[in-house]
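1. take this sequence and fold it.
(chains A and B)
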Amino acid sequence: MASLRPYIVELIRHTSSGLPEDVLDALAEARDNEPEGSRAWSTFELMISNVEAARQASAPICQDTGTLIFYVDHGPDHSPHALERDIVAAVREATRRAYLRPNAVDPITGVNSGDNVGRGSPYIHFTARKEKGVRVRLMMKGGGCENVGTQYSLPDESIGAGRDLDGIRRCIIDAVQKAQGFGCAPGTVGVGVGGDRVTSYIESKEQLFRPLRDVNPDPVLADLEEELLGSLQGLNIGPMGFGGETTVLGVKIGARHRVPASFFVSISYMCWAYRKGELTVKGRKAALDGHPLGLPVPVARKAASRTAAKAVVAKKTGAKKAGAKKAGAKKADAKKTGAKKAGAKNAGAKKTVAKKAASKKAVAKKAASKKAVAKKAVAKKSVAKKSVAKNAASKTTSPRKPAGPAVQVASRRARPKKLPVL
Amino acid sequence: MPKKIELPISESAIRELRIGDEVEISGPMVLGRDAAHKHLVKVHDEAFDRLARNRFLYHCGPVVRRDESGEWRFVAAGPTTSIREEPYEAQVIERYGLRGIIGKGGMGARTLEAMRRHGSVYLHAVGGLAVVLAEKVVKVHGAHMLDELGVPEAMWSIEVKDFPSVVTMDSHGGSLHETMFNQSRDAARRLMEQGVRTPSTRKRA
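-> Modelled structure (predicted):
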């Protein structure tokens, strides 16, 4: 697998310098709902023209390019270690190209790392999945709107919120009212109900990945979303708090089971500069927000470069890999026979109780243990591969090592014309 | 039509401005945000004083680029949330003779009082308008304390042309933010009392 770095740089550029189409449509609709020439109307007009200008210049639509959080779902063909390395390298490059503001400040020393890499930065959520390929989602949420994110623990007497739907509704109204002036309105509210303190907030941000005009699969939440999207406009906060018909662009609510003692309602407020993007890579196909990425590459060159790359890899890691594979296979074999034996034993024991049921169960168990063995073998293999990668990485510098003070380098900002073959 | 403002500006000219006035600012001004404010109240910074007196302070942490000739350019430069500087701003206005603060979201009672006393205004710029506003920055003179504070927090000395904003706090004690906040708070209370609509008749998708 080739490095995903250029694709992730492109994901960052794309996310930083534009808005999703549904958000742009919503802003245009909001503008059209205001009397032409009013302050609200001209504010929306400025917002839309800013997005166009940013897209053309590949410049960030907002100077606060936010905390970088990557949500990565990857299949067995992608190692988290390699993905992390590519993401960190991409973040450094995107900062050099001024797609990102250097936004990583050491909270203890107060020093800005200058390249967005530092303690726990960028932050990456990994989720393993069965299907091959990888999906990288990026949300760029600035500090202004992140600061107004809040978590209620119900009951909350100050707003009369009990542990029910009415209480949840009160929390959302309160949060939107208090966000004015800090998060740039009109915003979209992501709500996480239930869970623990951490997962509740995670749910609230996950909600912000939903398209603006979708319908919540839970009918009760769908109703609440629809009602609030209508009635919150009555707060008349308007664009940037200047007053106007549109105060929120969306309300998105998700729920997670909670423990009996806790009832959290977590609010993530996303400003109008609603930056999110999605890169998907499967086989040799990559797409950004569903649009194919990269230009076709001549076949001959493709083949040549691929075999060359393969040869290099083979030379470098061949010996180690082969060794690891053999060891892995041996272990897997040993486990298989072990599991079979155990299965037989189990079956034997159960025979004395009930013959028919036992034989059925034994078959099922055998199948299960075989699956488990196969899974373990895969895991072992990837561990072996990872350690090889680690060895290789440790020879160079650590990817997360924070750099010195900010030094901006002049660089080409235009979008790279050709992306390498995957 | 927006009023044209040229920096530096006199106290009497500032006192003529009222909340709701749309303005376009031209001339030299200085940037400063969280780390800068902390520093500015700790010491009297002479270099900052020269950049700030009778001018405006812009709450902004820009995205910048340096071209081959070593010249700085602003790529993205919208306002940041001002209320974080509330603990420092009254003192900064007084000590450095600032005639205006540009930011977003407005500020609190202490700043409003300092503005009334010293003849200063708060100007609200549109948040997230980073590229449009960066285009109004016609010249970047340099950055004070760049090494210590980093790119977003350094005190950048810039020249702007027709920078658009709205006066939302004036030197007579008026604050549009206060009015808007109270209005929306009352509306929010009424909305809360309406309660949840009748139970859903939707089918689970």
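2. hey, let's count contacts and neighbours off CA atoms from now on
-> Will do.
3. give the contact list for A:G250.
-> Each residue near A:G250 by Cα atoms under 8 Å, 6 or more residues apart in numbering or on different chains is listed here: A:187-189, A:212, A:229.
4. is it bridged to anything, and to what?
-> A:T188 (DSSP bridges).
5. surely A:R119 touches A:D106?
-> Yes: A:R119 is within contact range of A:D106, at 7.4 Å (criterion: Cα atoms under 8 Å).
6. show me what from the stretch 51-200 of chain A comes close to chain B.
-> Within the stretch 51-200 of chain A, the positions lying close to chain B (Cα under 8 Å from any Cα of the partner chain) are A:53-54, A:59-64, A:98, A:100-103, A:111-112, A:114, A:144, A:165-166, A:169-170, A:173-174, A:177, A:180-182, A:184.
7. ok, of these, which come out buried?
-> Buried subset of those (neighbour count, 16 or more other Cα atoms under 10 Å in any protein chain shown): A:53-54, A:59-64, A:98, A:100-103, A:111-112, A:114, A:144, A:165-166, A:169-170, A:173-174, A:177, A:180-182, A:184.
8. can you pull the contacts of B:L133?
-> Counting by Cα under 8 Å, 6+ apart, B:L133 makes contact with B:76-78, B:163-164.
9. so which of those residues reach chain A?
-> Within the contacts of B:L133, those near chain A by Cα under 8 Å from any Cα are B:76-78.
10. the nearest residue to A:Y201 once chain neighbours are set aside - how many residues pack around it?
-> Nearest residue to A:Y201 in three dimensions, chain neighbours excluded: A:S266, at 5.5 Å (Cα to Cα, 6 or more residues apart in numbering or on different chains). Applying other Cα atoms under 10 Å in any protein chain shown, we find 33 residues neighbouring A:S266.
11. could you do A:G230 as well?
-> 16.
12. how much space between it and B:Q91?
-> From A:G230 across to B:Q91, the span is 43 Å (Cα to Cα, to the nearest Å).
13. do A:A90 as well
-> Distance of A:A90 to B:Q91, given as Cα to Cα: 42 Å.
14. looking at those two, which has the bigger crowd around it?
-> Neighbour count, other Cα under 10 Å: between A:A90 and B:Q91, A:A90 has more, with 21 against 17.
15. longest single strand anywhere in chain B?
-> Longest strand of chain B, by residue count under DSSP state E: strand B:155-169.
16. packing partners for that strand?
-> Counting contacts by 3 or more Cα pairs under 8 Å, 6 or more residues apart in numbering or on different chains; DSSP states H and E, strand B:155-169 packs against strand B:22-31, strand B:121-124, strand B:137-144, helix B:176-194.
17. next, count neighbours for whichever residue of chain B sits closest to chain A.
-> Nearest residue of chain B to chain A: B:G105, at 3.5 Å (Cα to the nearest Cα). Using other Cα under 10 Å, the number of residues around B:G105 comes to 29.
18. look up the closest residue to it, ignoring the ones flanking it.
-> Nearest to B:G105 is A:G181, by Cα to Cα, 6+ apart, at 3.5 Å.
19. which residues touch the residue nearest to A:Y201?
-> A:149-152, A:191-193, A:200-201, A:204.
20. cutoff 7 Å now
-> A:S266 makes contact with A:150-152, A:191-193, A:200-201, A:204, according to Cα atoms under 7 Å, 6 or more residues apart in numbering or on different chains.
21. tell me which of the residues you listed fall in strands.
-> Per DSSP E, the subset of the contacts of A:S266 in strands is A:150-152, A:191-193.
22. who in chain B is up against chain A?
-> Residues of chain B lying near chain A by Cα under 7 Å from any Cα of the partner chain: B:61-68, B:75-78, B:81, B:104-106, B:126-132, B:147, B:150-151, B:184-185, B:187-188, B:192, B:195-196, B:200, B:202-205.
23. tell me the buried residues within those residues.
-> Buried members of the residues of chain B next to chain A, scored by 16+ other Cα under 10 Å, are B:61-66, B:75-78, B:81, B:104-106, B:126-132, B:150-151, B:184-185, B:187-188, B:192, B:196.
24. quick one: which of those sit in helices?
-> Within those, residues falling in helices by DSSP state H are B:130-132, B:184-185, B:187-188, B:192.
25. identify the farthest-apart pair in the ones in strands among the contacts of A:S266.
-> Longest distance between any two of these is 12.1 Å, between A:T150 and A:V193; criterion Cα to Cα.
26. neighbour-wise, which of these two wins?
-> More crowded of A:T150 and A:V193, by other Cα under 10 Å: A:V193, with 25 against 17.
27. bridged to that one, which residues?
-> A:A255, A:V265.
28. does it touch A:A255 like I think?
-> Yes: here A:V193 reaches A:A255: they are 4.5 Å apart, a contact under Cα atoms under 7 Å.
29. pLDDT wise, what is B:A77 at?
-> pLDDT recorded at B:A77 is 96.
30. next: A:R284.
-> Looking at A:R284, its pLDDT is 85.
31. give me every residue that touches the residue of the stretch 51-200 of chain A found nearest chain B.
-> Here the residue of the stretch 51-200 of chain A nearest chain B is A:G181; by Cα to the nearest Cα that distance is 3.5 Å. Contact analysis of A:G181 by Cα under 7 Å, 6+ apart lists A:240-241, B:104-106.
32. recalculate using a threshold of 8 Å.
-> Counting by Cα under 8 Å, 6+ apart, A:G181 touches A:240-241, B:81, B:104-106, B:177.
33. which of these sits closest to B:S26?
-> Once Cα to Cα is applied, the member of those that ends up nearest B:S26 is B:K104, at 18.8 Å.
34. for the closest one, name its beta-bridge partners.
-> Beta-bridge partners, per DSSP bridges, of B:K104: B:T81.
35. surely it and B:Y122 touch.
-> No: contact criterion Cα under 8 Å: B:K104 and B:Y122 do not qualify, at 9.2 Å.
36. shaky segments in the chain?
-> Picked chain A for this. A:1, A:294-422 (pLDDT under 70).
37. actually chain B
-> Scanning chain B for pLDDT under 70 picks out B:198-201, B:203-205.
38. roughly how far apart are A:Q177 and B:D45?
-> Between A:Q177 and B:D45 the distance is 38 Å, computed by Cα to Cα.
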